[in-house]
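1. have a look at this prediction, sequence included:
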Amino acid sequence: MPVITATRNHRVSNWVPVESVGTALPARLDSLTSLRFFAAFAVFAHHFTGLGGKTGYGRAPSIFPYSEMGAHGVTFFFVLSGFLLTWVYKPHEHPIAFYWRRVARIWPATLVAAVLAYYVFYERAHVAVEWKSFIASIFLVQNWLPGASPTLPGNPVTWTLSVEILFYALFPLLARYVVRMRTPLLVTLTVLGLIGMWAVNWWAFETFDPSASRWIMRHPVVYLPQFLLGMTVALLIRRGMRVPLRPFVPLALLAVYVYGYFQLRARLSDAYDAQLEYTLRPTLAVIAALVIIAFVQREIAGHRGLLNAKPLILLGVWSYSFYLLHHAVSRYATYEWGRIPDKDSALFSMLGMGLVILAMSWALYRFVEEPANRWLVKRIPARWRRTAPVER
């Protein structure tokens, strides 16, 4: 089984994953790539159906209000980021090379999507541009601004990238210490982090007005426990942890939780309803971790399923572009044609719009995201490319 051990190379201490039993673990996990699309589509479903009333493009009663939970598809992204970066962690990669690769992957498509977002959310919406907030969104630091205008400036969905940016900035330092931690300490810190997330949520909404409390709960620091959870899961699996968990179990748990959440909200007192809300983020993070564990273990064992099929893998590859574009397209349709009737026929409109966004996503990936990433990565200066220890 894989373990993390300390090995010494001359005078340089190096922490590297060592396979003590069996074959090396795969670096590529296709099932997780495919799952990214479902998380992105869940966020799209949330924006399409809205929050009730006259929000969204059209509300389908058969999936509303459950589609509101799609907003938390980003929780899966946060946990998955922590997992994947730790899974392929290169102890000797220069931090600047790591940052360069992250920028190369996320920023070119973000800039292009920002053009569409500017037209839809400012020009088409007849909203004046507050340039400080808009420029902050271009550089993905908008979540640090308590007075950003509007609340989610620029391309609204990029607030999650503002969260990711903090984790990327910290990862080279965090990983260096996290991979050395003993499992009990690592698990304890992860649990305490999730409890802290719940406590901060409670404190924010009980102490501040709704606007300030929502800003606090979008602040990048608040989401670090979810990334740490992903890191912990990756290390536990690499160290040999195996849980008898089939993918059906966490997926069924997610369905039951989403159904129960909305059913309970209609029956609980205000105090208990508030606690249900405060525990939402850490609870969904744990479920996301269970989903990742189940599918990763299945793939490591050599089992291939629907999520390993090439069409779904491609959807996952295009999912980042899909995520960047979906909200602007949905909002543009609302401005251009008005809301559609709140009937289940809206599901066909949602599917049709999803296909249009998917075609746009393929184009954004094919002609911007992937070629720009390759071009930029090839230009990492040689002095920062070193990924192996230097002999001394």
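-> Everything's here; your move. Numbers count the residues shown, from 1 in each chain.

2. got the residue ranges for the helices in the stretch 151-300 of the chain?
-> 159-178, 183-207, 210-218, 224-238, 248-265, 270-278, 280-300 (DSSP state H, counting those that start in this stretch).

3. and for the helix or strand following the last one, what's in contact with it?
-> Okay, so that is helix 280-300. As assigned by DSSP states H and E, the chain's next helix or strand after helix 280-300 is helix 310-317. By C-beta atoms under 8 Å, 6 or more residues apart in numbering, the surrounding residues in contact with helix 310-317 are 30, 32-37, 306-307, 358, 365. From N, CA and C alone the C-beta is placed, and that goes for glycine too.

4. so for helix 310-317, mean pLDDT?
-> The average pLDDT within helix 310-317 is 97.

5. next one, pLDDT for Val18 please.
-> Looking at Val18, its pLDDT stands at 35.

6. quick check, nearest of the contacts of helix 310-317 to Val103?
-> Tyr365 (16.9 Å; C-beta to C-beta).

7. so that closest one is in contact with Ser319, correct?
-> No: with contact defined as C-beta atoms under 8 Å, Tyr365 does not count as touching Ser319 (9.2 Å).

8. the two - which one has more neighbours?
-> Shown here are Tyr365 and Ser319; by other C-beta atoms under 10 Å, Ser319 has more neighbours (24 against 20).

9. quick one: the more buried one and Leu80, what's the gap?
-> 11 Å (C-beta to C-beta, to the nearest Å).

10. contacts only, for the residue nearest to Leu174 when sequence neighbours are not counted.
-> Using C-beta to C-beta, 6 or more residues apart in numbering and skipping the chain neighbours, the partner closest in space to Leu174 is Met231 (7.4 Å). By C-beta under 8 Å, 6+ apart, the residues touching Met231 are 82-83, 85-86, 174-175, 178.

11. re the thing from before, any chance of TSV for the helices of the stretch 151-300 of the chain, columns mean pLDDT and distance to Trp375?
-> Shown next, in TSV, are these (pLDDT from 0 to 100; distance: least, C-beta to C-beta, whole Å):
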stretch	mean pLDDT	distance to Trp375
helix 159-178	96	20
helix 183-207	97	37
helix 210-218	93	32
helix 224-238	97	28
helix 248-265	95	38
helix 270-278	92	44
helix 280-300	97	31
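
12. His94: which of those is closest?
-> Among those, helix 159-178 sits nearest to His94 (C-beta to C-beta), with 8.7 Å.

13. what's that closest one in contact with?
-> Residues contacting helix 159-178 (C-beta under 8 Å, 6+ apart): 15, 74, 77-78, 81-82, 85-86, 89, 91, 93, 95, 98-99, 102, 106, 110, 137, 140-144, 152, 186, 218, 220-221, 223-224, 227-228, 231-232, 235.

14. any idea how far Tyr320 is from Glu370?
-> Distance from Tyr320 to Glu370, by C-beta to C-beta: 10 Å.
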